[in-house]
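>>> what follows is a predicted protein model with its sequence.
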Amino acid sequence: MRDYDHALADYNKAIQINPDLAVSYYNKGLIYYEQKETDKALDSYSQAMQHNPNYADPYYSRGIIYYDQRDYDRAIQDYSAAIERDAKFADAFYNRGLAYQNKKVYDRAISDYTDSIRLRPDFVDAYNNRGLVYARQGDFERAIQDYNRALEINADYYLAYYNRGIAYFRRKQYDLAVSDYNRALNLKSDYSDALYERGNAYNSMGESQKAIADFTSAINLRSDVADYYNDRGVAYFDAKQFEKAISDYTQALKLDQSYADAYYNRGNAYSKISQPDKAIADYDQAIQLRGDNPDYYNNRGIVYYNRAQYDKAITDYTDAIRVDPKYARGYRNRGLAYQKKGMTEKANRDFQTADRLEGNH
């Protein structure tokens with residue numbers, strides 16, 4: 001362990017000898033930051049700036065503190081000040097890119113990552129994070145290109161394998177996704193997120209048991225992640241193990257009471273085991289939490305339909321269509337409900353709309 005007290009004493013002596021030595025104030029700030037004394041670190045960086053206004057490093061390091069505090073605007077301001085003082089400060093461009101990425105200002109994040117790569121062509125983290133931004137924008141081809149470049153620079157960079165796996169998954173290239181998750185796990189065997197994502201890939205490939213095994217391994221590593229339980233529940237559901245699915249959705253909700261999809265998924269499982277009241281209660285909760293998902297209304301409407309409560313079913317199908325006017329299932333199911341009520345003209349009109357929408361897919 002570093003002897004911080006002696007180092008601080010040395011910097012204080014240096015300041016006594018030369019009170020205008022900005023680097024001594026800056027180095028004190030670095031030590032305070034390592035000791036998690038952020039107020040003292042901020043004060044030391046400010047003193048360094050006062051004694052040398054053209055010194056880029058204190059602005060950069062103060063930006064790191066603001067970034068840690070999720071004060072991204074002030075972080076950006078300080079990284080920009082560092083860049084104004086040192087136009088070749090690759091780390092300042094990169095960190096400003098991180099701040100823009102967290103603010104979802106993706107074009108500026110890409111620009112900053114690109115500048116950091118221009119200044120440091122082997123900046124593997126910059127390639128990886130620019131890939132993440134491209135992926136957020138749905139440009140998976142460019143994202144994969146950046147991950148490839150990161151791996152050319154460092155073949156052991158497990159994050160790039162993991163992120164490339166997600167990009168392949170989003171492109172429905174599940175075999176390639178599994179291969180990349182395998183590589184990430186070969187490099188980091190306790191990488192719970194890679195196990196989780198591989199489980200999702202296996203489930204998308206129809207391999208429910210492999211998916212369940214991966215979700216279980218992820219849960220054994222981290223039992224506090226609601227997504228792990230929810231998605232294992234989905235795998236159990238797909239394997240027609242509805243009671244186990246319900247158990248996992250319930251555990252997900254214990255970890256996150258605002259998890260709308262878990263309520264929805266549990267509602268689907270209750271519906272499968274003929275517990276309509278519990279299904280409706282869960283759909284109610286899902287809709288209350290997130291009323292912009294047409295599936296929630298549609299599936300609650302199906303339960304009402306199966307109970308011959310056609311007016312309530314029609315109301316739900318209509319809400320599904322309101323949320324998504326191109327939701328073909330809503331029209332088809334509403335048509336069936338109208339048909340049950342003897343409203344043939346409305347039923348036929350909905351069936352025609354459903355046929356037209358499905359023909360566009």
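Arrived safely, thanks for sending.
>>> for stretch 25-38, which positions count as buried?
Buried residues in stretch 25-38, counting neighbours by 16 or more other Cβ atoms under 10 Å, are found at Tyr25, Tyr26, Asn27, Lys28, Gly29, Leu30, Ile31, Tyr32, Tyr33, Thr38. Just so you know, the C-beta spots here come from the backbone N, C-alpha and C atoms, and that holds for glycine as well.
>>> cool, stretch 322-337 as well?
323-324, 327-337.
>>> which non-adjacent residue is nearest Asp115?
Nearest non-adjacent residue to Asp115, counting by Cβ to Cβ, 6 or more residues apart in numbering: Phe93, 4.4 Å away.
>>> just give me how far the helix or strand where the one you found lies sits from the chain centre.
With secondary structure defined by DSSP states H and E, Phe93 is part of helix 90-102. Distance, stretch centre to chain centre, for helix 90-102: 18 Å (Cα atoms, centre = their mean, to the nearest Å).
>>> also stretch 297-316?
Remark: stretch 297-316 is offset 33 Å from the chain centroid, using Cα atoms, centre = their mean.
>>> before we move on, what about stretch 228-248?
22 Å.
>>> which residues are contacting that stretch?
192, 196, 199-200, 203, 206, 208-209, 211-212, 215-216, 218-219, 222, 249, 251-252, 255, 259, 261-262, 265-266, 268-270, 272-273 (Cβ atoms under 8 Å, 6 or more residues apart in numbering).
>>> swap in stretch 313-325?
291-295, 297-298, 300-302, 304-305, 327, 329-331, 333-334, 337-338, 341.
>>> next one: the spatially closest residue to Ile83 that is not a sequence neighbour from Tyr127, what distance?
Excluding its sequence neighbours, the residue lying closest to Ile83 (Cβ to Cβ, 6+ apart) is Ala92, at 5.0 Å. According to Cβ to Cβ, to the nearest Å, Ala92 stands 17 Å off from Tyr127.
>>> please apply the same query to Gln209.
Taking Cβ to Cβ, one finds Gln209 at 36 Å from Tyr127.
>>> compare those two (neighbour count), which wins?
Tyr127 (26 against 11; other Cβ atoms under 10 Å).
>>> which other helices and strands contact the helix holding Phe93?
Where contact means 3 or more Cβ pairs under 8 Å, 6 or more residues apart in numbering; DSSP states H and E, helix 90-102 is packed against helix 56-68, helix 72-85, helix 106-119, helix 124-136.
>>> just send those back as TSV, with distance to Leu185 and mean pLDDT too.
Converted to TSV, these look like this (distance: least, Cβ to Cβ, whole Å; pLDDT from 0 to 100):
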stretch	distance to Leu185	mean pLDDT
helix 56-68	29	97
helix 72-85	32	98
helix 106-119	27	98
helix 124-136	18	98
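>>> and those: which comes nearest Ala167?
helix 124-136 (5.4 Å; Cβ to Cβ).
>>> how big is the angle separating the closest one from helix 106-119?
Put simply, helix 124-136 runs at 150 degrees to helix 106-119, going by axes from the mean of the first three to the mean of the last three Cα atoms, to 10 degrees.
>>> now helix 124-136: how far from the chain's centre is it?
Counting by Cα atoms, centre = their mean, helix 124-136 comes out at 14 Å from the chain centroid.
>>> ok, then the element right after that helix?
Taking DSSP H and E, what comes next after helix 124-136 is helix 140-153.
>>> now the angle from that following helix to helix 124-136?
160 degrees.
>>> who are the packing partners of helix 140-153?
By 3+ Cβ pairs under 8 Å, 6+ apart, helix 140-153 packs against helix 124-136, helix 158-170.
>>> flag every buried residue along it.
Quick answer for helix 140-153 (16+ other Cβ under 10 Å): Phe140, Arg142, Ala143, Ile144, Gln145, Asp146, Tyr147, Arg149, Ala150, Leu151.
>>> which other residues reach the helix or strand in which Asn12 is found?
Following DSSP H and E, one finds Asn12 within helix 4-17. Contacts with helix 4-17, where a contact means Cβ under 8 Å, 6+ apart, come from Leu21, Ser24, Tyr25, Asn27, Lys28, Ile31, Glu34, Gln35.
>>> what's near enough to touch Phe123?
Ala90, Tyr94, Ser116, Ile117.
>>> ditto for Leu253
Leu253 touches Ala226, Tyr259, Ala262, Tyr263, Arg266, counting by Cβ under 8 Å, 6+ apart.
>>> now swap in Asp292 and tell me
Val323.
>>> phi, psi of it?
Per-residue torsions, Asp292: phi -110, psi 20 (degrees, to the nearest 10).
>>> okay, now the unreliable bits of this protein?
1-2, 360-361 (pLDDT under 70).
>>> next, the residues that contact the longest helix seen in it from outside, please.
Taking DSSP state H as the criterion, the chain has its longest helix at helix 344-359. Residues outside helix 344-359 that contact it (Cβ under 8 Å, 6+ apart): Lys326, Tyr327, Ala328, Arg329, Tyr331, Arg332, Arg334, Gly335, Leu336, Tyr338, Gln339.
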